[in-house]
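Undergrad: Structure for the following, please:
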Amino acid sequence: MDSGTQHRDTPGGTGPDTTALRARWRATVTAAGAAADRDPAPYADRLLTAWAEPQRRYHTTAHLADVLARIDVLAPHAADLAAVQLAAWFHDAVYRPDRSENEERSAALAERALPELGMAASRTAEVARLVRLTVTHDPAPGDTDGEVLCDADLAVLAGAPEAYAAYVAAVRAEYGFVPDEAFRTGRAAVLRQLLDLPRLFRTPYGAAHWEAPARANLAAELAALDAPDAPGTPGAPDASGTPDASGGI
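TA: Numbers count the residues shown, from 1 in each chain. Below is the predicted model of the structure:
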């Protein structure tokens with residue numbers, strides 16, 4: 001997949017080296033207008049601690065690093081690149097696989113943290129809007145910032161077969177509390193919804209480089225799910241018993 005460097009967890013499950021991520025965070029909040037007298041380091045500490053929580057298998061610091069790398073690829077398409085980058089940091093900052101309000105809680109976290117850093121109200125609102133958009137990954141026409149964030153988040157679907165299989169396995173591990181049959185039912189519903197969309201990717205780069213391999217991966221996974229005696233795969237129901245709209249993405 002031509003989507004930037006893919007980051008692998010280091011031994012022990014601690015995720016990628018966070019030094020580069022901390023440097024990125026400092027540069028991003030500075031570019032976004034943080035007050036000069038506010039130290040961004042404690043916020044990076046809290047965010048990276050959240051991204052490394054033990055219940056995570058896919059939504060880890062490696063995923064954060066990958067999304068940021070894909071945003072770098074798509075950067076020319078963004079209207080407010082700093083807002084998109086900040087939204088990437090916050091978009092899965094709150095993640096409990098047994099809860100359905102993760103995006104809302106993540107957006108609320110951004111709405112608390114960014115003003116403390118001296119960020120303008122307008123940019124804080126844009127970051128929170130973008131985080132909430134990852135519930136549906138369906139930006140409105142002309143929403144270039146939403147297109148960049150959603151494409152970067154969905155680019156995992158376009159991975160090489162072995163990378164896609166690793167993504168599927170990681171999400172399945174996050175939802176280990178859900179029985180196999182529930183996984184199959186929920187995941188199959190999500191895959192059909194994705195395949196029914198006229199476009200998975202909205203940026204020109206995403207459409208050109210990620211659309212075809214993503215559809216091939218989704219179709220292959222759905223065919224495997226529809227096969228007799230297929231093993232359980234991710235896309236678990238949420239706490240209410242209905243399929244997770246994101247399917248673990």
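Undergrad: Need the residues that contact whichever strand or helix holds Arg129.
TA: Element membership for Arg129, per DSSP states H and E: helix 121-133. With contact meaning C-beta atoms under 8 Å, 6 or more residues apart in numbering, helix 121-133 is reached by 32-33, 80, 82-84, 86-87, 90-91, 103-104, 106-108, 110-111, 114-115, 139, 143, 145-146, 149-150. Just so you know, the C-beta spots here come from the backbone N, C-alpha and C atoms, and that holds for glycine as well.
Undergrad: Need the buried ones from those residues selected in ChimeraX.
TA: With 16 or more other C-beta atoms under 10 Å as the criterion, this ChimeraX line picks the buried residues out of these:
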select :32,80,82,83,84,86,87,90,91,103,106,107,108,110,111,114,139,143,145,146,149,150
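Undergrad: just checking, which of the contacts of helix 121-133 belong to helices?
TA: 82-84, 86-87, 90, 103-104, 106-108, 110-111, 114-115, 145-146, 149-150 (DSSP state H).
Undergrad: picking up where we left off before, quick check: angle from the helix holding Arg129 to helix 81-90?
TA: Angle between the axes of helix 121-133 and helix 81-90 is 50 degrees (criterion: axes from the mean of the first three to the mean of the last three C-alpha atoms, to 10 degrees).
Undergrad: angle of helix 121-133 against helix 102-116?
TA: If you take the same axes, to 10 degrees, helix 121-133 sits at 160 degrees to helix 102-116.
Undergrad: if I pick the residue nearest to the spatial centre of the chain, what's in contact with it?
TA: Nearest to the centroid of the C-alpha atoms of the chain, with distances taken as C-alpha atoms, centre = their mean, sits Asp153, at 4.2 Å. The contact partners of Asp153, taken as C-beta under 8 Å, 6+ apart, are Val67, Ala88, His91, Thr134, His137, Ile249.
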